[in-house]
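Visitor: What follows is a predicted protein model with its sequence.
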Amino acid sequence: NRTLTTVNGCFLHLLILLVNPLTPTIIPPFSPKNTKLFLHWPQVWAIAEMANHVCETMSKNESNEDKPELLVDAIATVGINGGKIKHFISFASKFCHFFVNDGIFPIYDQAARETLALHLGKNAMIADGEKPYTAFCGNIACLRAASNLTCSLSALDRYLWIRGLHVQFEKLGDKAEINGEIKQYFQCAKAEDDINFITLIN
């Protein structure tokens, strides 16, 4: 699930504003369109610390269209509970995607990575344990080049997610813990033997 409820999305945005009143000049104002920020609650417990870190990072960094991984890495790397370094890559990529620019920041999650492995082959995947988001963006670039894709990155990002959910659905069937609405579509499409990914992407 890449979405967050409107209440929680609004809560995080208001918290960031309380931490730093200058934030409106750094990130877009809150709107229903931006409620899709997904803060991975089981992993990011120190919400106030993360909000403060995001404000500080955004005030010092600008999104770089050539190297989007720099901003994601900066937001992802934060000291929690007295300085212990954590790397919240998925959260950082989702924050940048929904609040900064969905056209240059692909979302880093398991579903997208499974789709890349499906198309590129696991042996052909770029791997970098220290810079996983950099490797992830590199794999997306490889897929675009190999397939001569001309679609926007945001459209490709959505495909990677949905196709990855389908991979999980194929493995686990009704037991797959994936987005409920898409799961229902897969169940109906499976019965009719007609899965249209274009419809889902749009």
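Guide: Ah, there it is. Keep in mind that what you see is a predicted model, and the values were worked out from it rather than measured. Numbers count the residues shown, from 1 in each chain.
Visitor: ok, Leu116 - contacts?
Guide: Neighbouring residues of Leu116 by CB atoms under 8 Å, 6 or more residues apart in numbering: Met125, Phe136, Asn139, Ile140, Leu143, Leu160. Bear in mind the C-beta positions are built from the backbone N, C-alpha and C, glycine included.
Visitor: what do you get if the cut-off is 7 Å, keeping everything else the same?
Guide: Met125, Asn139, Ile140, Leu143, Leu160 (CB atoms under 7 Å, 6 or more residues apart in numbering).
Visitor: What helix or strand is it located in?
Guide: According to DSSP states H and E, Leu116 maps onto helix 110-120.
Visitor: after that helix, next one along is what?
Guide: Next in sequence after helix 110-120, counting helices and strands by DSSP H and E, comes helix 132-147.
Visitor: That next one versus helix 110-120: what angle between them?
Guide: An angle of 40 degrees separates the directions of helix 132-147 and helix 110-120 when computed by axes from the mean of the first three to the mean of the last three CA atoms, to 10 degrees.
Visitor: State the mean pLDDT of helix 132-147.
Guide: Looking at helix 132-147 alone, the average pLDDT works out to 94.
Visitor: where does this protein dip in pLDDT?
Guide: Across the chain, the ranges flagged by pLDDT under 70 are 1-48, 62-64, 81-83, 191-202.
Visitor: Packing partners of the longest helix belonging to it?
Guide: As far as residue count goes, and with DSSP state H defining each element, the longest helix of the chain is helix 153-172. Secondary structure elements in contact with helix 153-172, counted by 3 or more CB pairs under 7 Å, 6 or more residues apart in numbering; DSSP states H and E, are helix 110-120, helix 180-192, helix 197-201.
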